[in-house]
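Colleague: Okay, predicted coordinates and the sequence, questions at the end:
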Amino acid sequence: MGNMNRPLPGEQTGEMNDTGTGKMKFLVLHNDDYHTFDYVIRSLIEVCDHDPRQAEQCTYLVHYKGSCDVLKGGYRQLVPYREGLSSRDLKVTIE
């Protein structure tokens with residue numbers, strides 16, 4: 001499925017994340033039955049730097065499964081992405 005769980009820029013795998021727990025977090029996009037596929041795809045490309053195919057795959061997973069991990073990283077690294085998608089009225093959580 002592309003690089004959905006790729007480390008964020010500047011992140012080293014196997015090291016402790018910025019919460020100090022050593023546990024990586026996921027930015028999870030949830031289905032809302034409101035936004036169009038094109039809008040969600042465009043948002044993932046612009047905010048999360050997904051390539052078009054990856055963004056489309058994530059969007060379909062969200063639609064059919066209810067949610068999808070769109071990025072993996074430390075909590076503080078994921079916050080700007082959560083805020084970027086939230087500002088577009090998309091439902092996202094860090095888990």
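Modeller: In hand now; what should we look at?

Colleague: When you work out contacts or count neighbours from here on, use the C-alpha atoms and nothing else.
Modeller: Noted.

Colleague: which stretches of this protein form helices?
Modeller: For the chain, the helices defined by DSSP state H occupy 37-48, 52-65, 75-86.

Colleague: who are the neighbours in contact with L90?
Modeller: L29, H30, D32, V40 (Cα atoms under 8 Å, 6 or more residues apart in numbering).

Colleague: K23 is nearest to which of the helices of the chain?
Modeller: helix 75-86 (9.3 Å; Cα to Cα).

Colleague: what's the average pLDDT for that closest one?
Modeller: Average pLDDT, helix 75-86: 97.

Colleague: Pull out the buried positions in it.
Modeller: Neighbour-count burial for helix 75-86 flags Y75, Q77, L78, Y81, R82, G84, L85 (criterion: 16 or more other Cα atoms under 10 Å).

Colleague: Could I get the residues you listed in a markdown table, plus columns for distance to H63?
Modeller: As requested, these are exported to a markdown table (distance: Cα to Cα, whole Å):
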| residue | distance to H63 |
| --- | --- |
| Y75 | 25 |
| Q77 | 26 |
| L78 | 22 |
| Y81 | 20 |
| R82 | 19 |
| G84 | 20 |
| L85 | 16 |
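
Colleague: Give me the below-cutoff pLDDT ranges for this protein.
Modeller: 1-22 (pLDDT under 70).

Colleague: Of all residues in it, which one is nearest the centre?
Modeller: Residue closest to the average C-alpha location in the chain (Cα atoms, centre = their mean): V70, at 2.8 Å.

Colleague: Looks like it contacts H30 (just checking).
Modeller: No. With contacts counted by Cα atoms under 8 Å, V70 stays clear of H30, the gap being 10.1 Å.

Colleague: before we move on, back to that, what's the closest of the contacts of L90 to E95?
Modeller: The closest of the contacts of L90 to E95 turns out to be L29 (Cα to Cα; 10.5 Å).

Colleague: Thought Y60 was touching that closest one, still the case?
Modeller: No. Under the criterion of Cα under 8 Å, L29 makes no contact with Y60, lying 11.3 Å away.

Colleague: Could you check how far the residue nearest to the centre of the chain is from V62?
Modeller: Using Cα to Cα, to the nearest Å, V70 is found at 10 Å from V62.
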